[in-house]
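Colleague: got a structure for you, letters missing:
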């Protein structure tokens, strides 16, 4: 497969995962606000922005301005509309490599977002719009699995999705858990602001899945364990890393892997860490650093993929097995 | 170019609907003979259309339009800021060519491409035809598409033009003539194939009632033509299609052909040259490339040799080509043979290399670098068509009878300033074929672009792209200028047999 094509496939799914994450976060937040009239909304929105690594606006923020910035602001490269436009642009470059069904679904999503205005959704139900964005992205993933051959390109798509998910979830957990480092609260106690923990779980589409394991009694330690270390929940970091590693192995296999050792070691180490680490140890240490490290590792894996498959130096490729077939 | 048609003065009985508006004029009519009766090979279609209710015709045309829309078969119009992609305009009714007519076309095009390939080899090597003063030397060296860099380069199997699309027109006397050769990167073949697919889906009963020769094997033949260019010593060659990218007007075609042939669709940034060998960058490492079907113009092919700002090409490609490590289809510098001034010499070129008379005639053409001819042309600007020699796609031309005095003044100045750059031709009455216009059938001017493949042998898939000037009275068939297209049927056997 052409390196350029692999690159585009990888970014299609990263951008869509990002758009879906953003849509869910705003949706959960707006819903949550209904229950917390009078609370410090500014602080909440600030935290949301921080979790998405969006630069903090200097002035006070409100629901409308944040929703606009994260949904329709084309100047904001991480807004939903920007992410979807970037995904579509990447898909356009490799239209022949993906199935027509995938292209049509992505194109429909793009047109819908492009044709909707902030006023329309604000005066109707923002929830309806955000939910349809989420659903259309889930549908795209289903169509991808159902119509595209599960070969190298498909693994690049999967790799992109789970790498993005790992990073986004780690960042979100960080904003919720860093408070424990400064305020010396007991992890095991019943949290005071029950709702903000519900919000975290819902932001990870994991509230119901959590309750099935731990019941509705919310404990920050258990939430951390669930979102970080659960092996089966599709939104946990461990699950995402397992998938990511699987995709990497499949890619290495189908390309007859040349010097991919480093990337595989990085992915394997990250996964092993999540497989064997204990939540008590993580929480008694510096959880902020722990989550930062996960994101840092993802960055290294991203670079590794580029060096092995996409932007490898020509000198290396000429002396390795790749050029031997020439 | 919208002007009223000038109906012939001869009175003919008006035809029944949907042909009520079908008025013959001086141009050759593909469907009706000069007596106003349908030609033998059009009779079946004519009678079916008579029996068909007007709505049914309209509905089928709509169904065909929808089919193109859903498949995303589009083209791009440059200089149009908005809606870059446009749907391909398609006319429901086929253009039918008898097997006798096709035989002439096939023989004529084979003869022409053979001579032009010999001409290109000669021009870039010994220049015999120039020494023998059959073609003036200065005309070659002043040609915009002449590539000095190609002098003395051995091209694999001496095939310069492997893929050719020649524009034919039908003159009022019914003869086919060559309007222009497209020897650089001719396009349109994907539309020929798509038109046939849509035809079979939207008008199967009509298609079934004729014995039409298939064209679906074009992709396979193109692939074997490209394979035949493989440099020696490469038993399992890698063939790629080089596209300028998604913003090119013919990107749809590039992707379509790559898929039909099962080869990689690459852009310049996917390729690199190392030690005069071309590689493509894949996830499994660098892969050597042996044949490039390039759909990028000469100018943008190699920034080290040609346009230095080009990002569409591959640095060092010419050196790899010169070293014989890669084959290009078409070769670099083939544009010297489709220059519109050189075109006037093609009959002489055919006689020179093959010792044969041209089977397909040229259209009468005035060379403006010739003083006498220039004088005549400048006096008759309002009757003639002026064309820039190196342009294609209907750009850079003046159609005298439909031009304004101001436009003519502009062209007069241009011609005087740079006579080498222009030619003139009489305004041709292109033949006309029936088209669905709303729920009526009216005649519109058409041309024909068959696609010629030159590999180990010459193959011309029976058919081609029939382009239609859908605006009433218009003579410009280019899709960039409001033209559409039709499916083109070449019939098996004789026309009489086809009406049984």
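Modeller: Here it is on my side, so go on. What you see is a predicted model, and the numbers here were worked out from it, not measured in a lab.
Colleague: Could you use CA atoms for every contact and neighbour count after this?
Modeller: Noted.
Colleague: what's the burial count for residue 306?
Modeller: All of this is about chain A. 17 (other Cα atoms under 10 Å in any protein chain shown).
Colleague: other chain: chain B
Modeller: 17.
Colleague: I figured it hits residue B:299, correct?
Modeller: Yes - using Cα atoms under 8 Å, residue B:306 makes contact with residue B:299 at a distance of 5.3 Å.
Colleague: show me where pLDDT drops low in chain A?
Modeller: Scanning chain A for pLDDT under 70 picks out A:36-39, A:180-192, A:257-260, A:319-326.
Colleague: Tell me how it divides into domains.
Modeller: Chain A breaks down by automatic domain parsing into domains covering A:1-148, A:151-326.
Colleague: Dump those into TSV; add distance to chain B as well.
Modeller: Converted to TSV, the domains of chain A look like this (distance: least, Cα to the nearest Cα, whole Å):
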stretch	distance to chain B
domain A:1-148	4
domain A:151-326	4
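Colleague: Now distance to residue B:488 too, for the ones you listed, in JSON lines please.
Modeller: Shown next, in JSON lines, are the domains of chain A (distance: least, Cα to Cα, whole Å):
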{"stretch": "domain A:1-148", "distance to residue B:488": "27"}
{"stretch": "domain A:151-326", "distance to residue B:488": "38"}
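Colleague: Select, out of those, the one closest to residue B:343.
Modeller: Closest to residue B:343 of these, according to Cα to Cα: domain A:1-148, at 37.8 Å.
Colleague: what about the residue nearest to residue B:143 when sequence neighbours are not counted, how many residues close to it?
Modeller: Nearest residue to residue B:143, sequence neighbours excluded (Cα to Cα, 6 or more residues apart in numbering or on different chains): residue B:336, at 6.2 Å. Neighbour count for residue B:336, taken as other Cα under 10 Å: 26.
Colleague: Quick check: residue B:336 touching residue B:142?
Modeller: No - applying Cα under 8 Å, one finds residue B:336 not in contact with residue B:142, separated by 9.6 Å.
Colleague: how far away is the nearest residue to residue B:349 once chain neighbours are set aside from residue A:240?
Modeller: Spatial nearest neighbour of residue B:349, excluding adjacent residues (Cα to Cα, 6+ apart): residue B:115 at 6.6 Å. Distance, residue B:115 to residue A:240, by Cα to Cα, to the nearest Å: 64 Å.
Colleague: Please identify which of those two sits among more neighbours.
Modeller: residue A:240 (27 against 20).
Colleague: quick one, what contacts the more buried one?
Modeller: Residues counted as contacts of residue A:240 (Cα atoms under 8 Å, 6 or more residues apart in numbering or on different chains) are A:162-163, A:165-166, A:234.
Colleague: doesn't residue B:176 make contact with residue B:170?
Modeller: Yes - assessed by Cα under 8 Å, residue B:170 is found in contact with residue B:176 at 4.4 Å.
Colleague: what's the burial count for residue A:275?
Modeller: 17.
Colleague: do the one 10 residues further on as well
Modeller: Other residues within reach of residue A:285, judged by other Cα under 10 Å, total 12.
Colleague: repeat for residue A:58
Modeller: 6.
Colleague: With residue B:221 instead?
Modeller: Other residues close to residue B:221 by other Cα under 10 Å number 18.
Colleague: what helix or strand is it on?
Modeller: helix B:218-227 (DSSP states H and E).
Colleague: List the buried residues in that helix.
Modeller: Of all the residues in helix B:218-227, those buried under the rule 16 or more other Cα atoms under 10 Å in any protein chain shown are B:218-219, B:221-223, B:225-227.
Colleague: And stretch B:33-44, by the same measure?
Modeller: B:36, B:38-44.
Colleague: Which pair of the residues you listed spans the longest distance?
Modeller: B:36 and B:44 (15.6 Å).
Colleague: Chain A contacts on the stretch 51-200 of chain B?
Modeller: Contact residues (Cα under 8 Å from any Cα of the partner chain) of the stretch 51-200 of chain B with chain A: there are none.
Colleague: okay, the closest residue to chain A within the stretch 51-200 of chain B: pLDDT?
Modeller: Per Cα to the nearest Cα, residue B:71 is where the stretch 51-200 of chain B lies closest to chain A, at 8.9 Å. Looking at residue B:71, its pLDDT is 73.
Colleague: For it, give me its contacts.
Modeller: Here residue B:71 is in contact with no residue (Cα under 8 Å, 6+ apart).
Colleague: same check, this time on residue B:346
Modeller: Going by Cα under 8 Å, 6+ apart, the list of residues near residue B:346 reads B:112, B:116.
Colleague: what's the longest strand seen in chain B packed up against?
Modeller: If you go by DSSP state E, chain B has its longest strand at strand B:440-449. Applying 3 or more Cα pairs under 8 Å, 6 or more residues apart in numbering or on different chains; DSSP states H and E, one finds that strand B:440-449 makes contact with strand B:167-170, strand B:432-437, strand B:465-469.
Colleague: sorry, back to before: just the contacts of residue A:240: which are in helices?
Modeller: Per DSSP state H, helices hold the following members of these: A:162-163, A:165-166.
Colleague: Which member of these is positioned nearest residue B:22?
Modeller: Nearest to residue B:22 among those, with distances taken as Cα to Cα, is residue A:162, at 63.8 Å.
Colleague: Model confidence for the residue nearest to residue B:349, exactly?
Modeller: 97.
Colleague: got the buried residues for the helix or strand hosting it?
Modeller: Assigned by DSSP H and E, residue B:115 belongs to helix B:99-123. For helix B:99-123, burial by neighbour count (16+ other Cα under 10 Å) applies to B:99, B:101-102, B:105-106, B:108-123.
Colleague: And the contacts of it?
Modeller: Residues contacting helix B:99-123 (Cα under 8 Å, 6+ apart): B:128-130, B:158-161, B:164, B:166, B:176, B:334, B:336-337, B:346, B:349-350, B:353-354, B:358-360, B:452, B:454, B:458, B:460, B:462, B:490-495.
Colleague: Quick check: ChimeraX command selecting the buried ones in those.
Modeller: In ChimeraX, a selection of the buried entries from these looks like this (16+ other Cα under 10 Å):
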select /B:129,130,159,160,161,164,166,176,334,336,337,346,349,350,358,359,360,452,454,458,460,462,490,491,492,495
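Colleague: List the ones among the contacts of helix B:99-123 that fall in strands.
Modeller: Per DSSP E, these map to strands at B:164, B:176, B:452, B:454, B:458, B:460, B:490.
Colleague: Dump these to JSON lines, plus distance to residue B:62 and pLDDT.
Modeller: Listed next are the ones in strands among the contacts of helix B:99-123 as JSON lines, based on distance: Cα to Cα, whole Å; pLDDT from 0 to 100:
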{"residue": "B:164", "distance to residue B:62": "33", "pLDDT": "95"}
{"residue": "B:176", "distance to residue B:62": "32", "pLDDT": "97"}
{"residue": "B:452", "distance to residue B:62": "32", "pLDDT": "97"}
{"residue": "B:454", "distance to residue B:62": "38", "pLDDT": "96"}
{"residue": "B:458", "distance to residue B:62": "38", "pLDDT": "96"}
{"residue": "B:460", "distance to residue B:62": "31", "pLDDT": "97"}
{"residue": "B:490", "distance to residue B:62": "25", "pLDDT": "97"}
